[in-house]
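S.K.: model the structure of this input:
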Amino acid sequence: MESLFLGKQFNSFRVKQAAPSDAVAVTELLKGVATRLQENGLNQWEFLLDGGEDAEIINSIKRGVTYIVTDGERLVATFNLTNKQNDWDAQLWGAREDNAYYIHRLAVHNHYTGRGIGKDLLLWLDENLQGEATLRLDCIADNPVLNDFYKHVGFKYVGQGHAEGDSFSLYEKETPSRTLNS
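M.R.: Below you'll find the predicted structure:
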């Protein structure tokens, strides 16, 4: 399979597709972040805590859309990236057939927070995604810290979408055209 990325490294970390053997670690990372968010009074990802998304996390890994960031053998971060809209994307963004990649479940392990890894990872994605595309992501609208963060790393607020009784901020960023040979 051809890589989506021009490189596999950012900072001292390695980015690679998650394998089925990574499922437990990815799930634990996401639940750990969800717990920290809850402890900080943020209403985001609480649905991960009851295990209701475990099968979807495993399915995303099997479909090849989950990536992990490692420091040696240690899991540092995870994210999903795909150019195919899922039902969630279609509900928030409307059905689209354009050249866009959707970022979901970007999370940095609790042991690595506060080091700018999330920012660096989003900048790395922008600089290392092959071809020309739009990066899209969403977040709960009433999380001012996360909304400010996405704006700070160059994503443009393009509106709100609504799902499951909540409002979500929609962000996108155009990536320049790049190939391995450019």
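S.K.: C-alpha only now, for contacts and for neighbours.
M.R.: OK.
S.K.: disregarding flanking residues, what is the spatial nearest neighbour of the residue nearest in space to the middle of the chain?
M.R.: Taking C-alpha atoms, centre = their mean as the criterion, Leu106 is the residue nearest the geometric centre of the chain, at 3.1 Å. Distances taken as C-alpha to C-alpha, 6 or more residues apart in numbering put Phe79 closest to Leu106, at 4.1 Å, once the chain neighbours are dropped.
S.K.: and for the one you found, the neighbour number?
M.R.: The number of residues packed around Phe79, counting by other C-alpha atoms under 10 Å, is 20.
S.K.: likewise for Leu75?
M.R.: For Leu75, using other C-alpha under 10 Å, the count is 20.
S.K.: which residues touch Val33?
M.R.: 107-110 (C-alpha atoms under 8 Å, 6 or more residues apart in numbering).
S.K.: just the residues you listed: which are in strands?
M.R.: 107-108 (DSSP state E).
S.K.: closest to Gly116 among the contacts of Val33?
M.R.: Proximity of the contacts of Val33 to Gly116 (C-alpha to C-alpha) peaks at Val108, which lies at 9.6 Å.
S.K.: mind checking the SS state of the closest residue to that closest one other than its chain neighbours?
M.R.: Leaving aside its chain neighbours, Val108 sits nearest to Ala77 (4.2 Å; criterion: C-alpha to C-alpha, 6+ apart). Secondary structure, DSSP: H, G, I helix; E, B strand; the rest coil: Ala77 is strand.
S.K.: still on that earlier bit, farthest-apart pair in the contacts of Val33, please.
M.R.: Ala107 and Asn110 (8.9 Å).
S.K.: for Thr70, give the beta-bridge partners.
M.R.: Here Thr70 sits in beta bridges with Arg14, Leu75, going by DSSP bridges.
S.K.: got a pLDDT number for it?
M.R.: Looking at Thr70, its pLDDT is 98.
S.K.: any stretches of the protein with poor pLDDT?
M.R.: 1-2, 177-182 (pLDDT under 70).
S.K.: which stretches in this structure count as strands?
M.R.: Under DSSP E, the chain gives strands at 9-10, 13-17, 66-71, 74-82, 100-108, 133-140, 156-163, 166-175.
S.K.: closest one to Gln91 among those?
M.R.: Taking the strands of the chain one by one with C-alpha to C-alpha, strand 156-163 is closest: 6.9 Å.
S.K.: which residues touch the closest one?
M.R.: By C-alpha under 8 Å, 6+ apart, strand 156-163 touches 88, 91-93, 141, 150-151, 167-173.
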